[in-house]
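with the sequence up front, the predicted model follows.
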2 protein chains.
Amino acid sequence: MHACIIAVGSELLTPFRVDTNSLAITERLNTIGYAVRLKTIVGDTVDELAQVVSSALVWADLIVLTGGLGPTEDDVTRDAVARVLQVPLEEDRAVVERIRARFARRGMTMPDINRRQAMVPRGATLLDNANGTAPGLWIERGRTAIVLLPGPPREMTSMLDAVIAERLAPKSGGAGLFRRVVKITGRTESDVDQQAQPIYGAWTSRAIPISTTILAMLGQIELHLTVRAESRASADAALDAAVAELRTALGDAVYSVDGRPLEAVVGELLRARRATIAVAESCTGGLLASRLTDVPGSSDYVERRAVCYSNRAKTEWLGVTEALLARHGAVSEQVAEAMAAGIRSRAGVTVGVGVTGIAGPGGGTAEKPVGTVAIAVQTDDDARVRTFQFIGGREMVKFQASQAALNMVRLLLS
Amino acid sequence: MHACIIAVGSELLTPFRVDTNSLAITERLNTIGYAVRLKTIVGDTVDELAQVVSSALVWADLIVLTGGLGPTEDDVTRDAVARVLQVPLEEDRAVVERIRARFARRGMTMPDINRRQAMVPRGATLLDNANGTAPGLWIERGRTAIVLLPGPPREMTSMLDAVIAERLAPKSGGAGLFRRVVKITGRTESDVDQQAQPIYGAWTSRAIPISTTILAMLGQIELHLTVRAESRASADAALDAAVAELRTALGDAVYSVDGRPLEAVVGELLRARRATIAVAESCTGGLLASRLTDVPGSSDYVERRAVCYSNRAKTEWLGVTEALLARHGAVSEQVAEAMAAGIRSRAGVTVGVGVTGIAGPGGGTAEKPVGTVAIAVQTDDDARVRTFQFIGGREMVKFQASQAALNMVRLLLS
């Protein structure tokens, strides 16, 4: 089953906005077996949009359009689709009343312009929009289903979920594309691929073939496993076995097989061990703290964090001695250890983390270039320290350092 | 002049990758007067790609294709373009030698598969690639120029810059689309639009008409001003005048007219006043600190930050009294003020900031629902405190709170 996604809106043709709706749409369509063959982004121009829709109608089983359902003259999706299908647009009285009532609930009168949102191509079915005024539309033409959805993600996604549950999933009979994402950190792409390729290379010739893509991102590698299967149960069996093979080969470099980010995995470990954590970070400047607290409920285990740039702050807050700073320099494993020990004892927590480094662009030396970061992690009965050399600009160094620190905590607790 | 951008690659049709090349391409093409009318994302399938190219050839003055120039069977961009233009692909000996030499410099032998990258549609001009093996291609057919570039941004952008400088800009004679982005925070979209619309509404009928788009993003509003002008000088004159009008109308709600983010504007103010800052943040959990330190050179003015979740940490580190916490609750203006005062005096800085709130999903009450955030900002001779009610999930609340805190610092220093 082949799908085409069309994002409508002139703002999506500027350098400032990228169409991200299509990622959420693709993910959902894949689960019911639709492969997206083409994505198109077109401005608010009825001729151009009609041209794009009519090309897609030739080959697509499903066309999903997002955007252009607002009340203004610029909102031309309804018009373009009606033109391609050669059906008239007719005002739907019930929709007018619904929009009027929506305005009334907020003590407002519906502007006349909003009547445009009640114009429906003849033969279309209305799709309820719980979060906005624009209803969606469902139209079948030959073998092709055409779905019109509003652009705002909050409105679009819940409407698409309803369309899938009520109209598309029943057709697919449970078959679909199923995925697993295996997340790895602390290893290079070529290193991971060298170990994993002989394993996933053999999967393509199985009874249920699994295709694998390796994606290298900042501070992590992802292996995406995809199968096309008749049911979720058979897909799960194949994918679970495949993931287990990768885990065996890659060991503790694998930190997540269910989509969870590293900070959530670390949070789970802390919670399971009834442990608490406090971090003292210099070069990551709060990013490590911020990532830890992105996890809902993290105030149960995150005690406190100190971000200290100056040596004075390191001395006063964390008890890092001036002698140590003078002897080894602020960016050193000794100072990272002293920061971890200082924050741990002062906050009275299970795990203390110290991060000190040079995020750049300034501050580098021949001996300690930009990207040099020392990280220490300590508990009552264990301690680790390591110096990393990260590449890239300031934000890249900060992210990689926060990733490495989280990973050291994970490995210490595992 | 109308342009079409085609991104080639099956990975761009998965839920995991979005085409971002097109933003950089659009920005560059706009500066020489090309408007992007359509963007298409297509997989590594020669039939489908040929179909897309041949549709664009009907109307586009310029077609930019990215991706699909690698050495594997999946890389079909050369084949698709040759098919559409009905010209043969021929091996270019000089290109083979260049690729061979590139491998040799790394002590490697060129794999035979890389000869594919030397296949050139007859009549095409080669575009040098300083950062990779795949050369780009330039082909003219009727009024349309077709440019083939590799997908990796590092290779693509420098090649596109060369194409623009050597081939496209001379045609445009300095004319182009020119832009300004006016950034606003602390106001709602409808509020901004009500004040700004009467002003920018009049711009469309000027000698050099200016078109304006209003974009509402999390924690900020952007007004994008665009003119089509014969030269940068005349565009600048028109845009400078327009920006000045908006500044007069919107006052200090405007924080940037040159693209700088809020943390950079605040950093500039701190630097200009030789001021230093320290922040004590609870609900933002390090995000405020992290944003401040995203700015290169920020260690000149950022002294230290404390992130305290527990009341004990607030008491020990910041001197917030237990009586105050008991009387007003941890999330209160009084506690925010005490946090700001505590961090300011302990760190010995010019500006102290205290943030305390409920980021969710737990922790809300009827009186203080999720999204309630109290923020205090203090200097020697001035102090402000305010309670906000933000919408959205945990990360949205954190971001909006950091934005509001930065803005309070900005207004205090301005």
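All right, it came through fine. Residues are numbered from 1 along each chain as shown, chains lettered A, B, ... in the order given.

show me what contacts the nearest residue to A:Arg115 once chain neighbours are set aside?
Nearest non-adjacent residue to A:Arg115, counting by C-beta to C-beta, 6 or more residues apart in numbering or on different chains: A:Val96, 6.0 Å away. C-betas here are computed from N, CA, C, even on glycine. Going by C-beta atoms under 8 Å, 6 or more residues apart in numbering or on different chains, A:Val96 touches A:Met110, A:Arg115, A:Ala118.

what secondary structure does A:Val96 sit in?
helix (DSSP: H, G, I helix; E, B strand; the rest coil).

go through stretch A:188-207 and flag the buried ones.
Buried residues in stretch A:188-207, counted by 16 or more other C-beta atoms under 10 Å in any protein chain shown: A:Val192, A:Asp193, A:Ala196, A:Ile199, A:Tyr200, A:Trp203.

please name the nearest non-neighbouring residue to A:Glu263.
A:Arg291 (4.5 Å).

surely A:Met110 and A:Arg98 touch.
No: applying C-beta atoms under 8 Å as the test, A:Met110 and A:Arg98 come out as separate, 10.1 Å apart.

is A:Leu69 in contact with A:Gly151, as I believe?
Yes: counting by C-beta under 8 Å, A:Leu69 touches A:Gly151, with 7.5 Å between them.

which one's more surrounded, these two?
With neighbours defined as other C-beta atoms under 10 Å in any protein chain shown, A:Leu69 and A:Gly151 compare such that A:Leu69 has more, 27 against 23.

show me chain A divided up by domain.
A:2-172, A:176-256, A:262-413 (automatic domain parsing).

please identify the deepest-packed of those.
With neighbours defined as mean count of other C-beta atoms under 10 Å in any protein chain shown, the domains of chain A peak in mean count at domain A:262-413, which reaches a mean of 21.

how far does it sit from its chain's centre?
Centroid separation for domain A:262-413 versus its chain: 25 Å, with C-alpha atoms, centre = their mean, to the nearest Å.

equivalent analysis for stretch A:130-148, please.
Distance of stretch A:130-148 from the chain centroid (C-alpha atoms, centre = their mean) equals 26 Å.

please save the CA atoms from it in PDB.
Taking C-alpha atoms only, stretch A:130-148 is exported to PDB below (Å, rounded to 0.1, in the frame of the first residue of the first chain):
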ATOM      1  CA  ALA A 130     -11.800  18.100  19.000                       C
ATOM      2  CA  ASN A 131      -9.100  20.700  19.200                       C
ATOM      3  CA  GLY A 132     -10.000  23.300  16.600                       C
ATOM      4  CA  THR A 133     -12.600  24.800  14.300                       C
ATOM      5  CA  ALA A 134     -11.500  23.100  11.000                       C
ATOM      6  CA  PRO A 135     -13.100  19.700  10.500                       C
ATOM      7  CA  GLY A 136     -11.100  17.100   8.500                       C
ATOM      8  CA  LEU A 137     -12.300  15.400   5.400                       C
ATOM      9  CA  TRP A 138     -12.200  11.900   4.000                       C
ATOM     10  CA  ILE A 139     -12.900  11.300   0.400                       C
ATOM     11  CA  GLU A 140     -12.600   8.100  -1.700                       C
ATOM     12  CA  ARG A 141     -11.900   8.100  -5.400                       C
ATOM     13  CA  GLY A 142     -11.400   4.800  -7.100                       C
ATOM     14  CA  ARG A 143      -8.800   2.900  -5.100                       C
ATOM     15  CA  THR A 144      -7.400   6.000  -3.500                       C
ATOM     16  CA  ALA A 145      -8.500   7.400  -0.100                       C
ATOM     17  CA  ILE A 146      -7.800  11.200   0.400                       C
ATOM     18  CA  VAL A 147      -7.600  12.600   3.900                       C
ATOM     19  CA  LEU A 148      -7.500  16.300   4.600                       C
END
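
next, see if it gets close to chain B.
No: under the criterion of C-beta under 8 Å from any C-beta of the partner chain, stretch A:130-148 makes no contact with chain B; the nearest approach is 12.9 Å.

what pLDDT, on average, does that stretch get?
The average pLDDT for stretch A:130-148 rounds to 93.

please apply the same query to stretch A:337-345.
pLDDT averaged over stretch A:337-345 gives 94.

so which residues of the stretch 51-200 of chain A form helices?
In the stretch 51-200 of chain A, the helices defined using DSSP state H, counting those that start in this stretch lie at A:77-85, A:93-105, A:153-163, A:169-172, A:189-201.
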